[in-house]
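>>> Coordinates for the following, if possible.
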Amino acid sequence: MEFSWVSSRVLAVFALISAIILPSVRAQSMAPAPAPTSDGTTIDQGIAYVLMLVALVLTYLIHPLDATNNFRLI
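Predicted coordinates for the structure are as follows:
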């Protein structure tokens with residue numbers, strides 16, 4: 001029995017399909033992502049940013065009042 005071109009093509013197609021399909025048969029499903037947790041550092045950092053913003057606003061509000069009293073032209 002001679003090995004024909006048809007047999008070799010069928011064998012090549014079968015090998016290609018097997019190489020594509022068989023690895024996915026043993027694939028494991030992906031584990032779900034862990035739930036996000038907060039240890040309180042995010043809240044502390046948010047409070048710190050708000051306090052720094054308040055300090056910056058107060059500095060810019062108080063500074064012009066302080067500067068005008070020191071340089072009187074009268």
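
>>> Which other helices and strands does the helix or strand harbouring residue 62 contact?
Here residue 62 sits within helix 41-70, counting by DSSP states H and E. On a contact count with 3 or more C-beta pairs under 8 Å, 6 or more residues apart in numbering; DSSP states H and E, helix 41-70 meets no helix or strand. Bear in mind the C-beta positions are built from the backbone N, C-alpha and C, glycine included.

>>> Now do the buried residues in that helix.
For helix 41-70, the neighbour count (16 or more other C-beta atoms under 10 Å) marks no residue as buried.

>>> Show me what the mean pLDDT comes to for that helix.
When pLDDT is averaged along helix 41-70, the result is 83.

>>> Likewise for stretch 12-31?
The model assigns stretch 12-31 a mean pLDDT of 74.

>>> Mind listing residues that contact that stretch?
The contact list for stretch 12-31, computed with C-beta atoms under 8 Å, 6 or more residues apart in numbering, is empty.

>>> Restrict it to CA atoms and write it as PDB.
This file holds the C-alpha atoms of stretch 12-31, laid out as PDB (Å, rounded to 0.1, in the frame of the first residue of the first chain):
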ATOM      1  CA  ALA A  12      -1.400  16.700   8.500                       C
ATOM      2  CA  VAL A  13      -4.900  18.200   9.000                       C
ATOM      3  CA  PHE A  14      -5.500  15.700  11.800                       C
ATOM      4  CA  ALA A  15      -2.200  16.500  13.500                       C
ATOM      5  CA  LEU A  16      -2.900  20.300  13.200                       C
ATOM      6  CA  ILE A  17      -6.400  19.900  14.700                       C
ATOM      7  CA  SER A  18      -5.100  17.700  17.500                       C
ATOM      8  CA  ALA A  19      -2.300  20.200  18.300                       C
ATOM      9  CA  ILE A  20      -4.900  23.000  18.500                       C
ATOM     10  CA  ILE A  21      -7.700  21.200  20.400                       C
ATOM     11  CA  LEU A  22      -5.900  18.800  22.800                       C
ATOM     12  CA  PRO A  23      -4.000  21.300  24.900                       C
ATOM     13  CA  SER A  24      -7.300  23.100  25.700                       C
ATOM     14  CA  VAL A  25      -8.900  19.900  27.000                       C
ATOM     15  CA  ARG A  26      -6.600  19.800  30.100                       C
ATOM     16  CA  ALA A  27      -6.700  23.500  30.600                       C
ATOM     17  CA  GLN A  28      -7.800  24.700  34.100                       C
ATOM     18  CA  SER A  29     -10.300  27.400  34.600                       C
ATOM     19  CA  MET A  30      -8.900  30.600  35.900                       C
ATOM     20  CA  ALA A  31      -9.400  31.300  39.600                       C
END
